[in-house]
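>>> Take a look and give me a structure for this.
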Amino acid sequence: MTQIIVLPHEELCPKGALFEEQAGKSICDALLEHGVEIEHACEKSCACTTCHVIVREGFGSLAEASELEEDMLDKAWGLETNSRLSCQALIGTQDLVVEIPKYSINMAKEGHSK
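Okay, the predicted model is just below:
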């Protein structure tokens, strides 16, 4: 099992989170399953940037981003070199430290739960 540390986020996870998850699951699905209600306006189809995260530790353990993901990331608010769309980044075997940016670009905020 891989340990996931989620850094505190003012709205989504004020105290941060710590949980373990199996390799192969998307970071987005893992966050949602553990009560971190990250936005995912496109229903995890790599068509928006609302699930953008910054992987502070363990970035190298993730498979490379696809060209489509890279194109979408170019539109993300607060893009960094270790940014990923959490719906596309699959958990590997190395522990991760994940930061959810304070803001996301979402033209039509929708109430989603998983």
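
>>> just the helices in this protein please.
Assigned by DSSP state H, the chain shows helices spanning 27-33, 67-73.

>>> Quick check: mean pLDDT of the last one?
Within the predicted structure, the mean pLDDT of helix 67-73 is 96.

>>> For that helix, buried residues please.
Neighbour counts over helix 67-73 (16 or more other Cβ atoms under 10 Å) mark 69, 72-73 as buried. All C-beta atoms are positioned from the backbone trio N, CA, C, and that covers glycine.

>>> Output the contacting helices and strands for it.
Applying 3 or more Cβ pairs under 8 Å, 6 or more residues apart in numbering; DSSP states H and E, one finds that helix 67-73 makes contact with strand 83-85.

>>> Contacts for the strand it packs on next, please.
Contact with strand 83-85 is made by 27-28, 46, 49, 51-55, 59, 62, 65, 69, 72-73, 76, as judged by Cβ atoms under 8 Å, 6 or more residues apart in numbering.

>>> out of those, what pair is the most spread apart?
46 and 59 (18.4 Å; Cβ to Cβ).

>>> Now do the contacts for residue 98.
Applying Cβ under 8 Å, 6+ apart to residue 98 gives the contacts 4-7, 27, 31, 53-56, 86.

>>> I'd like to know which of those residues are buried.
Buried members of the contacts of residue 98, scored by 16+ other Cβ under 10 Å, are 4-6, 27, 31, 53-55, 86.

>>> Pick out whichever of these sits closest to residue 100.
Nearest to residue 100, judged by Cβ to Cβ, of these is residue 53 at 5.6 Å.
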